[in-house]
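> curious how this folds, go ahead:
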Amino acid sequence: MMSAILGKKIGMTNVFSPDGRLVPVTVVQVGPCVVTQVKTMETDGYTALQLGFDERPMEKLNKPIAGHLKKAGDKGFRVLREFRTENVEEIEPGAEVNIDMFTVGEKVTVSGISKGRGFQGTIKRHGFSRGPETHGNRNHRKPGSIGNSAWPAKVIKGKKLPGHMGTDRKTTKNLTIVDIKPEENLILLKGAVPGPKTGILEVYKTKGK
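Prediction:
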């Protein structure tokens, strides 16, 4: 049984719960995914399944990827991801993984790439406070002193400074599935998930409590 699937973030909205509360939800299109490769202990040293998501014409793929995907049928995919799993004996390339693996009320973990913010200063990137705005002060949004005195006479590595912000892999745990729409391959998750609209997500069944 698969414990993860690929999906796409559609956007956020809100729904009413049975007791009348307004619940903010993120709409995620999960699957359908196709198993494009099965890895076993004998051939690869570990067991895993490679899934393909977001179908596209084979003509738009390069020859190495197209040749690799022919083993799972004549379908091309924009996204290929590998997930570790234990039982792969009964699974063949070309098998479909879909929304049936989830139930309403179940907890899931979602991973994705956060929104890119470009080059940002310390106030937005690290939450620094600004300087005074009046009385002739000209240090409004600068980071301030970062160096040392005569020794070691350099900036210590790891200082919080301006720089590129976003496009990091982020994970949100224990999101509750509020509703499932199998005819549209959509699940509604309570709360927010990483990434922009149309961003690719990995949805995992939450292990343990």
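> CA only for contacts and neighbour counts going forward, please
OK.
> now do the longest helix seen in the chain: distance to the chain's middle.
The single longest helix within the chain, with elements called by DSSP state H, is helix 63-69. In terms of CA atoms, centre = their mean, to the nearest Å, the centre of helix 63-69 is found 25 Å from the chain centre.
> now swap in stretch 71-84 and tell me
Distance, centroid of stretch 71-84 to centroid of chain: 18 Å (CA atoms, centre = their mean).
> for that stretch, list every residue counted as buried.
Ala72, Lys75, Gly76, Phe77, Leu80, Glu82, Phe83 (16 or more other CA atoms under 10 Å).
> and the first one, what is it in contact with?
Ala72 sits next to Val34, Val35, Thr36, Gln37, Pro93, Gly94 when contact means CA atoms under 8 Å, 6 or more residues apart in numbering.
> then the second one?
Residues touching Lys75, when contacts are defined by CA under 8 Å, 6+ apart, comprise Glu55, Arg56, Pro57, Met58, Leu69.
> for Ala48, same thing?
Val38, Lys39, Thr40, Glu82, Phe83, Arg84, Thr85, Glu86, Val88.
> could you tell me the end-to-end distance of stretch 179-192?
15 Å (CA to CA, to the nearest Å).
> just to check, Ser97 is in contact with Val34?
Careful, residue 97 is Val and not Ser. Yes. Applying CA atoms under 8 Å as the test, Val97 and Val34 come out as touching, 6.1 Å apart.
> contacts for the one helix or strand Glu42 maps to?
Assigned by DSSP states H and E, Glu42 belongs to helix 41-44. Here helix 41-44 makes contact (CA under 8 Å, 6+ apart) with Thr47.
> average pLDDT across the next helix-or-strand element following it?
Counting by DSSP H and E, the next helix or strand C-terminal to helix 41-44 is strand 48-56. For strand 48-56, mean pLDDT is 90.
> ok, strand 48-56: who's next to it in the sheet?
strand 33-39 (antiparallel), strand 76-84 (antiparallel) (DSSP bridges).
> and the next helix or strand past the last one?
Right, the one you point to is strand 76-84. strand 96-97.
> secondary structure element holding the residue nearest the centre of the chain?
Nearest to the mean C-alpha position of the chain, by CA atoms, centre = their mean, lies Gly112 at 1.4 Å. Per DSSP H and E: Gly112 is located in strand 107-113.
> that strand: how far from the chain's middle?
The mean C-alpha position of strand 107-113 is separated from the chain mean by 6 Å, CA atoms, centre = their mean.
> partners of that strand in the sheet?
For strand 107-113, sheet partners with direction are given as strand 169-181 (antiparallel), strand 200-205 (antiparallel), following DSSP bridges.
> what's the first helix or strand after the first one?
Along the chain past strand 169-181, the next helix or strand (assigned with DSSP H and E) turns out to be strand 186-190.
> between that following strand and strand 169-181, how many degrees?
With axes from the mean of the first three to the mean of the last three CA atoms, to 10 degrees as the basis, strand 186-190 and strand 169-181 are set at 120 degrees to each other.
> may I have the longest helix of the chain as PDB, with CA atoms only?
Taking C-alpha atoms only, helix 63-69 is exported to PDB below (Å, rounded to 0.1, in the frame of the first residue of the first chain):
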ATOM      1  CA  LYS A  63      14.800  10.800 -25.400                       C
ATOM      2  CA  PRO A  64      16.200   9.400 -22.100                       C
ATOM      3  CA  ILE A  65      13.100  10.200 -20.100                       C
ATOM      4  CA  ALA A  66      10.800   9.100 -22.900                       C
ATOM      5  CA  GLY A  67      12.700   5.700 -23.200                       C
ATOM      6  CA  HIS A  68      12.400   5.300 -19.400                       C
ATOM      7  CA  LEU A  69       8.700   6.000 -19.400                       C
END
